[in-house]
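**Q** quick one: sequence plus predicted model below, questions after.
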Amino acid sequence: MPTMNEAQMKAITAGDGPALVLAGAGSGKTRVIVERIVWLIEERGVDPRNILALTFTNRAAAEMKSRIAARLGVERLATWVGTYHSFGLFVLRREMERLGRPKNFTVFDDGDQLSLMKRLVKGLSAGSTKVSPREALSWISRLKQETEEPGDEESLNEEDAVFRELWPKYHHALEKARAVDFDDLLGLPAKLFGEDDEVREKYRRRYTHILVDEYQDTNRVQYLIAKELSGEGGNLFVVGDEDQSIYSWRGADITNILDFEKDFPGAATFRLEQNYRSTKAILAAANAVVACNVERLGKTLWSDQEGGDRVGYCLVADGGAEARWVVDTIAKRGFEPRSTAILYRTNGQARAMEEAFRRKGLAYIVVGGIKFFARKEIKDLLCYLRILINPVDGESLRRIVNIPPRGIGGTTLEEVNSISERRGIPMLEAMREMAEDLAHSARARNAAAAFVALIDTLALKAGSDSVESILEAVLEATGYRDYVQHSDEKDFRARLEVVDEFIASCAEFDERDEGGLEIFLQDLALVSDTEGYSNETPAVALMTCHSAKGLEFDNVFLIGMEEGYLPHGIAAESDEDVEEERRLCYVAMTRARKTLLLSGAETRVVFGEGRDRTPSRFIDEIPEGQLEKVASEEAATRGRARPSAPRAAEGELRMGAKVRHGTFGKGTVMYTSGSGKKLKVRIRFDSGMSRQFMVSAAPLEILEGKRK
DNA sequence: GAGCGAAACGAGGAT
DNA sequence: CGTTTCGCTC
């Protein structure tokens, strides 16, 4: 990849004081941060430990880390490079006691927040307006990210009144469980830096140089953290692109980047408008779309990469046809899987794609979506582990107190809750009292006593052992494996597999980190599922447009170019929201290096029924000369018999082919039987086990041995 | 309190 | 269409 010239790079990276780099898509903005850090260390002699680099995703942090380390030629980097949230957690662990709270707090992820809020909404008085727990959470979260608290002004909106009623209940529950949510990870440190001079000075001395990536995505709290730490005229170096601001729904405040020069007087501003990633054809189309936005500073990216195809657009019959068109095109044009991506607006769109990939026997990987640690089995076990570290975490207790079933149902639990509220003691202690109190039934007392004894026994282990062995003890003492095995006949193997995977990740943590269970649990809340993916993965990547930010691919399919998806239906009403959808479209389009193919369907099954669809307005915004209408083969031969997809798979799944099964791992095809939809294969797995599968139903991925 | 089948309900993006 | 909640019976 061509890069910006030395002189230009020097001008940007060699400097003191605050600086803003407005860097367009594909202009090499990560490199700017890397070079600035290298310059600080090598030319300025800044101690690497005094530098703090903040990103938004772990993936971006990992990439930045390895690039800096490579440039410096060191094995271990002393510079703190990580996400804003992990930095917040890092600060909280050290300073929690200053806030008058113990260190063994629980970090609640979105799932924890949701179940808590569901309960609170249910508990509202009967006359209250019905509100959705999700909306209540985002209302609260928005205020917290803007560092505000609900005021007492008379609100005209009934919903807001309910949200305001939920606010103290929610925070009381968090405090009672000794838990913090995602927003607290930033909000509490920001509060400390703002109010405690001693703490602020300590961190200012420690981090003399601060760098922020994707500055357009920062919210108010993140802005405050950067400002407090960098101090007057401090060394704050931020990089961002207002055209790629796609996280306003998460609290990102675009004025942070727009007002940077005002907030940090004397700031140097640089603009990077040359794109080194995409062809002229792709960039022209993407520019045309984003140029339709009114609210922008207006910068025009250019590329000197001639050649390449015009951007393609294929209008297909329905969702199934779209998926087949994608996989057929990949096969026909010989796109290399590792440098090909399918991007979509909503996670639900992945399903049809996955099916098409499986049928075709093409390797794919879905990035993001349902998180591994959010799966039921993992969540159950996590909640056990949390209680061992933080025995007052009643929210986690609620989840697992009757898993596996041990005779503590809703009625008993409510009784425990009322003891807990009445006496002002944690749930676990309430259960201890219940077990002793003859006023309760013998059945309830015995069940409560057994649970308390179970937790007490496990808690003894939790202090000293490795995470893996504590987890094994939990599995053993609770009989969790038996529970999984007997609770659901159908997919218990896959679920046991999930448990084993979790054990493996605990063991991995034990090897890597000395922190023990407390650290393990707190870190886990910040782990996202997109981290496992890199461009090295030999598979076509399927992900949302949001997840694709920061990545690039030779070939990009942007599917579902229809009103309702992109722009999303929920955003259609406000111009502001449509502009963000347009930026999202721009982000997705500019992921492509060589080929960009768009698609949309005429009809699609939504909510169980077929509906007519309208092509996205963003398609119309691309000048006609820059868009090539392509027809799917299917449309061209419509009416004629189409060779069925399983036949294609049959040819590829011949004897000796190496495959990977979603549950059992790698194996070799021993023989095939049947044909078409009934095609069966017997596979011997590397573990020695052999099994037979229906190709049409099994999660098989062909690794090698495809038809020559 | 547990287990089952029926009914109702719910899909935006994610650190 | 897939998942969660409801409501009944044991």
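**A** Structure received. These figures come from a predicted structure and were not determined experimentally.
**Q** low-confidence ranges, the stretch 151-300 of chain A, go.
**A** A:152-156, A:233 (pLDDT under 70).
**Q** how about the helices in it?
**A** Listed in chain order, the helices of the stretch 151-300 of chain A (DSSP state H, counting those that start in this stretch) span residues A:158-176, A:182-195, A:197-206, A:220-230, A:255-258, A:260-263, A:280-290.
**Q** turn those helices into CSV, including mean neighbour count and distance to DNA strand C.
**A** Heads up, the C-betas are built off the backbone N, CA and C, glycines and all. Listed next are the helices of the stretch 151-300 of chain A as CSV, based on neighbours: other C-beta atoms under 10 Å; distance: least, C-beta to the nearest atom of the strand, whole Å:
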stretch, mean neighbour count, distance to DNA strand C
helix A:158-176, 17, 17
helix A:182-195, 21, 21
helix A:197-206, 13, 41
helix A:220-230, 22, 31
helix A:255-258, 18, 36
helix A:260-263, 15, 43
helix A:280-290, 23, 32
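**Q** for residue A:440, which of those is the nearest?
**A** helix A:158-176 (22.6 Å; C-beta to C-beta).
**Q** contacts for the closest one?
**A** If you take C-beta atoms under 8 Å, 6 or more residues apart in numbering as the criterion, helix A:158-176 is touched by A:108, A:116-117, A:120-121, A:123-124, A:128-129, A:131, A:135-136, A:139-140, A:143, A:149-150, A:155, A:180-181, A:184, A:392, A:394-395, A:426.
**Q** same thing with stretch A:604-623?
**A** A:285, A:288-289, A:292, A:311, A:313, A:315, A:318-319, A:561-567, A:582, A:585, A:598, A:600-603, A:627.
**Q** which residues of the stretch 1-150 of chain A lie near DNA strand C?
**A** Where the stretch 1-150 of chain A comes near DNA strand C, counting by C-beta under 7 Å from any atom of the strand, the residues are residue A:118.
**Q** what about 10 Å?
**A** A:111, A:114-115, A:118-119, A:122, A:133 (C-beta under 10 Å from any atom of the strand).
**Q** now those residues: which count as buried?
**A** The neighbour count (16 or more other C-beta atoms under 10 Å) marks A:115, A:133 as buried among those.
**Q** and the residues of the stretch 1-150 of chain A next to DNA strand C, which two are the farthest apart?
**A** Farthest pair in these, by C-beta to C-beta: A:111 and A:122, 17.0 Å.
**Q** which stretches of chain A have low pLDDT?
**A** Along chain A, segments meeting pLDDT under 70 span A:1-4, A:126-129, A:152-156, A:233, A:488-491, A:529-532, A:636-708.
**Q** still on that earlier bit, can you lay out the residues of the stretch 1-150 of chain A next to DNA strand C as TSV showing secondary structure and distance to DNA strand B?
**A** Putting these into TSV (DSSP: H, G, I helix; E, B strand; the rest coil; distance: C-beta to the nearest atom of the strand, whole Å) gives the following:
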residue	secondary structure	distance to DNA strand B
A:111	helix	9
A:114	helix	9
A:115	helix	13
A:118	helix	11
A:119	helix	15
A:122	helix	12
A:133	helix	9
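**Q** could I get the full set of helices for the stretch 351-500 of chain A?
**A** Taking DSSP H, counting those that start in this stretch to define them, one finds helices in the stretch 351-500 of chain A at A:376-389, A:394-400, A:410-423, A:427-436, A:442-462, A:467-478, A:480-487, A:492-512.
**Q** for those, which one ends up most surrounded?
**A** Mean neighbour count (mean count of other C-beta atoms under 10 Å) peaks for helix A:394-400 among the helices of the stretch 351-500 of chain A, with a mean of 23.
**Q** before we move on, back to that, could you dump the helices of the stretch 151-300 of chain A to a markdown table with distance to residue A:594?
**A** Shown next, in a markdown table, are the helices of the stretch 151-300 of chain A (distance: least, C-beta to C-beta, whole Å):
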| stretch | distance to residue A:594 |
| --- | --- |
| helix A:158-176 | 48 |
| helix A:182-195 | 38 |
| helix A:197-206 | 45 |
| helix A:220-230 | 35 |
| helix A:255-258 | 30 |
| helix A:260-263 | 34 |
| helix A:280-290 | 8 |
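**Q** any chance of those in TSV, plus distance to DNA strand B?
**A** Formatted as TSV, those follow (distance: least, C-beta to the nearest atom of the strand, whole Å):
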stretch	distance to DNA strand B
helix A:158-176	15
helix A:182-195	4
helix A:197-206	20
helix A:220-230	10
helix A:255-258	16
helix A:260-263	22
helix A:280-290	16
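**Q** and those: which comes nearest residue A:99?
**A** Residue A:99 lies closest to helix A:182-195 among these, at 6.4 Å (C-beta to C-beta).
**Q** spatially central residue for chain A, please.
**A** residue A:528 (4.7 Å; C-alpha atoms, centre = their mean).
**Q** hang on, that one packs against residue A:61?
**A** No: judged on C-beta atoms under 8 Å, residue A:528 makes no contact with residue A:61 at a distance of 11.4 Å.
**Q** quick one: residues contacting the residue of chain A most remote from its centre.
**A** Centroid-distance maximum for chain A: residue A:438 at 48.9 Å, with C-alpha atoms, centre = their mean. For residue A:438, the contacting residues are residue A:445, by C-beta under 8 Å, 6+ apart.
**Q** give me phi/psi at it?
**A** Dihedral pair for residue A:438: phi -70, psi -10, per degrees, to the nearest 10.
**Q** distance of it relative to DNA strand B?
**A** Residue A:438 sits at a distance of 17 Å from DNA strand B (criterion: C-beta to the nearest atom of the strand, to the nearest Å).
**Q** then residue A:357?
**A** 18 Å.
**Q** these two touch, right, residue A:320 and residue A:352?
**A** Yes: counting by C-beta under 8 Å, residue A:352 is a contact partner of residue A:320 at 6.3 Å.
**Q** neighbour-wise, which of these two wins?
**A** residue A:352 (23 against 17; other C-beta atoms under 10 Å).
**Q** contact partners for that one?
**A** Going by C-beta under 8 Å, 6+ apart, residue A:352 touches A:319-320, A:322-323.
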